[in-house]
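Undergrad: Below are the sequence and a predicted model; questions follow.
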Amino acid sequence: MEKNNVELARFNMIEQQIRPWNVPDDRALEQMAAIPREQFVPEQFRGLAFSDTELPIGEGQKMLAPRIEAHILQALNIESDDRILEVGTGSGYLTACLAGLGARVISVEIHKNLSNQAAERLASLGIKNAECRTADALAGPINGGPFDIIAVSGSVPNSDQAEQFKVQLSDGGRLFIVIGEAPVMQMQLITRTGSSFETETIMQTELTPLEGVTYCKPFSL
């Protein structure tokens, strides 16, 4: 796409797709507008970079639709000193947005190829506060915690399987996760206060399951 067309598509993504979909958070929207989404999309799909749909990125994985990414950023209310864990790096676009809002991001991706590609994209944009790791986030706690923010970019079938992420939250930390099975899934924001957890249901949606989640069991630190 020509530069003018790209900028118009980016503007329309923010103002016509995302903002009317109950995302008025200017900080989240400004961050999404600042990151060149088209650079995180496989070349054959760049014409769809700003469309309201998931896009294939390889390894059987998909890039989240822009409105889902916007809801994640808005719900988490990220502060500039927050330590962030992202589960499922994918293309790296959401990683870049998280890095622009918080202090440090550790992003975990089970597929090495996707992790490496995302790291290269982040480096090309001069983003230095995001670290991409190849690992299975379901296998155990991620080094570097506890975290103020945890963003899980795939769904889990039930609330028990969110426990392994909840225990990695700091006091006051927030977890974004989608729980349920198609066609009924719920976006949830879980906030930790001491040893207690408060759950807020944001809305219903559908999201690709986190790879391997049906085989995981809750663990404690």
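TA: That came through, no problem. Residues are numbered from 1 along each chain as shown.
Undergrad: Excluding chain neighbours, what is closest to the residue most central in space within the chain?
TA: Of all residues in the chain, the one closest to the mean position by Cα atoms, centre = their mean is S153, 4.6 Å from it. Spatial nearest neighbour of S153, excluding adjacent residues (Cβ to Cβ, 6 or more residues apart in numbering): G88 at 3.7 Å. Yep, even glycine has a C-beta here, placed from its N, CA and C like the rest.
Undergrad: What about V23? Give its phi and psi, please.
TA: The phi and psi values for V23, taken as degrees, to the nearest 10, are phi -130, psi 80.
Undergrad: confidence score at it?
TA: Looking at V23, its pLDDT is 95.
Undergrad: Near it, how many other residues are there?
TA: 21 (other Cβ atoms under 10 Å).
Undergrad: Excluding chain neighbours, give the residue nearest to it in space.
TA: In space, V23 is closest to A70, 4.4 Å off (Cβ to Cβ, 6+ apart).
Undergrad: and the helix or strand where that neighbour lies, what does it pack onto?
TA: Taking DSSP states H and E as the definition, A70 sits inside helix 66-76. For helix 66-76, the packing partners by 3 or more Cβ pairs under 8 Å, 6 or more residues apart in numbering; DSSP states H and E come out as helix 26-34, helix 93-101, strand 147-156, strand 169-181, strand 184-193, strand 196-205.
Undergrad: orientation of the last one relative to helix 66-76 in degrees?
TA: If you take axes from the mean of the first three to the mean of the last three Cα atoms, to 10 degrees, strand 196-205 sits at 160 degrees to helix 66-76.
Undergrad: still on that earlier bit, contacting residues for the residue nearest to S153?
TA: G88 sits next to 61, 108-110, 137, 152-154, 210 when contact means Cβ atoms under 8 Å, 6 or more residues apart in numbering.
Undergrad: can you check V156 too?
TA: Counted by Cβ under 8 Å, 6+ apart, V156 has contacts 162, 177-179, 209-210, 213.
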